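# dropping the sequence and predicted coords here.
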Amino acid sequence: MSDKLQIVTIDGPSGVGKSTVSRLLAQRLGYTYLDTGAMYRAVAYACKKTGIDPGDEKGVASILENFNIDLQPPAQPDADVRVYLNSEEITRFLRTPEIGMMASKVSTLPVVRKKLTYLQRQIGQQGKIVAEGRDTGTVVFPNASWKFYLDASPEERARRRTEQLEQKGMKVNQASILQQIIKRDRDDSTRSLAPLKPADDAVIIDSSRMSAEDVVKVMLSHITLSK
Ligand code: C5P
């Protein structure tokens, strides 16, 4: 344990409830919540704003030259992490299906993964972090003390994502959300760099029939056991 960092990693596919669980767990442990997906979404947002194609590596690299991102705790306990890009608050633009798909595209670029992994490790340096994403246990924090991989069926994830977006006042179609989830799963898990997969030493939790509270309880039982 001594060479391990006081870091919890929670990876898994989109719409599985990682954000809710990570937020709750971070509150219980008194740790900082690190939403790595928000950082990929911020790159996607910058592409959209500047009209740069998310697959254009040179163009995206130019965005990263002036990319000062600051993540701040949510305004309310159950809200999203607040994201500032070059001092502009962009939180409200990030959670759309369009930005999610663009984020998945930029996340395949080596230049993006290198930069964001570096920034995430800087944030994690002090420990006491709950990091959430696709590769936090495999690539970003391989020495994390506690690693979890959350899974649930695509149908259940589409249902939850639809509910979440509707609560934010967006009008969405569950069937197209399901198609996007299936596409994003495929893209995220088949890419050559940092693909979505459980770390060898991760505890795998299928949350299809569990509430967020139940998932947190299971995680806490592992964390307490190995502390
Ligand atoms: O988790 P979230 O849906 O916000 O992530 C958006 C996209 O960013 C994911 O579909 C994935 O392609 C990418 N991502 C990633 N590595 C992470 C976090 C997110 O590639 N650690």
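Happy to help now that I have it. Residues are numbered from 1 along each chain as shown.
# which residues of the protein lie near the ligand?
Within the chain, the positions lying close to the ligand (CB under 6 Å from any ligand atom) are 14, 36-37, 40-41, 100, 103-104, 107, 133-136, 184, 188. Just so you know, the C-beta spots here come from the backbone N, C-alpha and C atoms, and that holds for glycine as well.
# any idea which of those has the most stuff around it?
In terms of neighbour count, Thr136 stands highest of those at 31 neighbours, by other CB atoms under 10 Å.
# hang on, isn't it packed against Asn143?
No: with contact taken as CB atoms under 8 Å, Thr136 and Asn143 are classed as non-touching, separated by 11.6 Å.
# helix or strand right after the longest helix that the chain contains?
Once the chain is assigned using DSSP state H, the helix that runs over the most residues is helix 174-190. Read in the C-terminal direction, the helix or strand following helix 174-190 is strand 203-206, with elements assigned using DSSP states H and E.
# quick one: contacts of that next one?
When contacts are defined by CB atoms under 8 Å, 6 or more residues apart in numbering, strand 203-206 is touched by residues Trp146, Lys147, Phe148, Tyr149, Leu150, Asp151, Ala152, Pro198, Val215, Val218, Met219, His222.
# dump whatever helix or strand comes next after it to PDB, restricted to CA.
Following strand 203-206 in sequence order, the next helix or strand is helix 212-226 (DSSP H and E). Once non-C-alpha atoms are left out, helix 212-226 reads as follows in PDB (Å, rounded to 0.1, in the frame of the first residue of the first chain):
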ATOM      1  CA  ALA A 212     -26.100   4.800  -6.800                       C
ATOM      2  CA  GLU A 213     -26.300   4.600  -3.000                       C
ATOM      3  CA  ASP A 214     -25.900   0.800  -3.200                       C
ATOM      4  CA  VAL A 215     -22.900   1.100  -5.500                       C
ATOM      5  CA  VAL A 216     -21.200   3.500  -3.100                       C
ATOM      6  CA  LYS A 217     -21.800   1.100  -0.200                       C
ATOM      7  CA  VAL A 218     -20.100  -1.700  -2.100                       C
ATOM      8  CA  MET A 219     -17.200   0.600  -3.000                       C
ATOM      9  CA  LEU A 220     -16.900   1.800   0.600                       C
ATOM     10  CA  SER A 221     -16.800  -1.800   1.900                       C
ATOM     11  CA  HIS A 222     -13.800  -2.500  -0.400                       C
ATOM     12  CA  ILE A 223     -12.100   0.800   0.600                       C
ATOM     13  CA  THR A 224     -12.500   0.200   4.300                       C
ATOM     14  CA  LEU A 225     -11.300  -3.400   4.000                       C
ATOM     15  CA  SER A 226      -8.100  -2.500   2.300                       C
END
